[in-house]
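1. For reference, the sequence and a predicted model appear below.
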Amino acid sequence: MPTKMPSPSIRIPIELLTQTSFSQFGTVIENPAHSPLPRSQLGPLPTTVSANQGSALKILDVTHMSNLYSLAPSKKPAKAVMNMFVCAPRDLRPHEPSESMPSSWGDLDFDEDDYSNADRELFDVRILERHPFTTQTFIPMGLSGQERHTQYLVIVAPTLPASSSRLHTGRPPPYPTPQPKKKKNGIKDIFARARPSPFTNENAPPPSQFSRLHPSARPKGPGLPDLKNIRAFIATGNQAVTYGAGTWHAPMVVIGARPIDFVVVQFANGVGIEDCQEIELETGKTADEGIVVMVDSDSSGKVQVKAGVGSVKANL
């Protein structure tokens with residue numbers, strides 16, 4: 001059974017999925033030429049080279065894959081796996097007025113008059129999961145970047161410090177990370193570190209094995225999700241997404257008329273609790289509805305962006 005966590009009453013506006021806005025959670029895989037953002041807002045472009053006898057453009061290093069299973073308690077090695085998820089459209093409920101404030105966007109005015117030309121529905125976030133020792137890449141198949149009737153949401157949350165876990169659940173972190181074993185040192189080793197040779201650096205501390213990883217791919221620790229800073233992004237068929245190792249996220253949420261096939265690439269070692277960990281969100285005693293994503297659509301069914309870059313009735 002998943003660990004349960006009380007949920008505050010929060011309504012979340014939808015943001016445009018860009019590499020800049022998503023960087024703390026993972027990477028966005030897309031051809032910059034198809035981005036809805038102007039060139040000035042794209043940030044550094046990936047390196048490209050000519051390929052296939054000049055008939056193709058090869059875009060290098062589009063995502064960051066990590067295998068951190070050496071940190072897993074079982075020490076069972078993992079292998080790269082590729083699966084397919086056929087994700088059906090999610091059920092949305094009709095919009096109802098609420099006093100809930102959007103997470104991370106409390107300074108914005110989400111007045112009801114702003115949505116007079118939009119059809120608003122609500123998606124209830126009831127479960128979050130993470131893969132603590134591996135990145136996970138979702139690649140949509142058969143979905144046009146111009147599709148107006150089927151899109152998907154990417155819902156993510158930062159990780160709280162482990163010390164906050166007891167405050168939320170009344171017990172220690174549900175998924176502890178093993179402490180590194182301390183090396184037993186002899187007298188010779190102690191003195192060697194105290195007076196290192198000026199001609200070598202063999203006694204200098206080795207660089208962290210994670211220092212070369214993209215920040216989103218480094219271990220997140222055993223903490224619970226930070227529900228007050230949960231965010232929701234809308235993605236097009238031109239975009240794939242990689243969740244960083246240990247990133248809390250909702251299972252894929254398809255919005256619209258038809259299912260989407262996703263090819264999913266990750267590492268796994270077959271130990272259930274090490275491959276996937278889940279948190280079930282329970283509406284708190286003082287909360288009205290829990291965590292809700294506000295899904296606003298125009299007359300054609302296209303989801304509208306209501307926060308961040310490209311917000312306020314922007315079309316994807």
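-> Nice, I can see it.
2. Pro259 is in contact with Pro89, isn't it?
-> Yes. Under the criterion of CB atoms under 8 Å, Pro259 is in contact with Pro89, at a separation of 6.8 Å. From N, CA and C alone the C-beta is placed, and that goes for glycine too.
3. which residues sit in contact with the nearest residue to Val125 once chain neighbours are set aside?
-> Closest residue to Val125 in three dimensions, ignoring its sequence neighbours and counting by CB to CB, 6 or more residues apart in numbering: Ile291, at 4.3 Å. Contacts of Ile291 were listed using CB atoms under 8 Å, 6 or more residues apart in numbering, and they are 7-8, 10, 12, 103, 124-125, 227, 230, 281.
4. List the beta-bridge partners for Ile291.
-> Each beta-bridge partner of Ile291 is listed here, defined by DSSP bridges: Ile10, Val125.
5. how close does it sit to Ser66?
-> Plainly put, Ile291 is 27 Å away from Ser66 if you go by CB to CB, to the nearest Å.
6. and what of Thr150?
-> Thr150 sits at a distance of 30 Å from Ser66 (criterion: CB to CB).
7. and if you look at Gly54?
-> Counting by CB to CB, the gap from Gly54 to Ser66 is 33 Å.
8. Looking at these two, which is more packed in?
-> For Gly54 and Ser66, the more surrounded residue by other CB atoms under 10 Å is Ser66, and the numbers stand at 21 against 7.
9. Do you know the pLDDT at that one?
-> Ser66 is assigned 90 on the pLDDT scale.
10. cool, Gln179 as well?
-> With respect to pLDDT, Gln179 has a value of 51.
11. try Met141
-> pLDDT, Met141: 93.
12. any idea which element the residue nearest to it when sequence neighbours are not counted lies in?
-> If the residues on either side of it in the chain are set aside, Met141 comes closest to Asp261, at 4.4 Å by CB to CB, 6+ apart. According to DSSP states H and E, Asp261 maps onto strand 260-268.
13. now for that strand, which elements pack on it?
-> Applying 3 or more CB pairs under 8 Å, 6 or more residues apart in numbering; DSSP states H and E, one finds that strand 260-268 contacts strand 79-87, strand 136-141.
14. Stretch 217-235 - what's its average pLDDT?
-> Stretch 217-235 carries an average pLDDT of 89.
15. And the strands in the stretch 51-200 of the chain, which stretches?
-> For the stretch 51-200 of the chain, the strands defined by DSSP state E, counting those that start in this stretch occupy 56-59, 79-87, 93-94, 119-125, 127-130, 136-141, 150-157.
16. which stretch among those strands comes nearest Pro36?
-> Each of the strands of the stretch 51-200 of the chain has some distance to Pro36 by CB to CB; the shortest is strand 150-157, at 12.4 Å.
17. picking up where we left off before, burial-wise, tell me which of the strands of the stretch 51-200 of the chain comes out on top.
-> Across the strands of the stretch 51-200 of the chain, the average number of neighbours (mean count of other CB atoms under 10 Å) peaks for strand 150-157, which reaches a mean of 23.
18. Which of the helices and strands in this protein ranks last by mean pLDDT?
-> Taking mean pLDDT, DSSP states H and E as the measure, the helices and strands of the chain show their lowest mean at helix 187-194, namely a mean of 55.
19. Just list what the next helix or strand after that one packs against, helices and strands only.
-> On the C-terminal side of helix 187-194, the nearest following helix or strand under DSSP H and E is strand 231-235. The elements that strand 231-235 packs onto, with contact taken as 3+ CB pairs under 8 Å, 6+ apart, are strand 14-16, strand 150-157.
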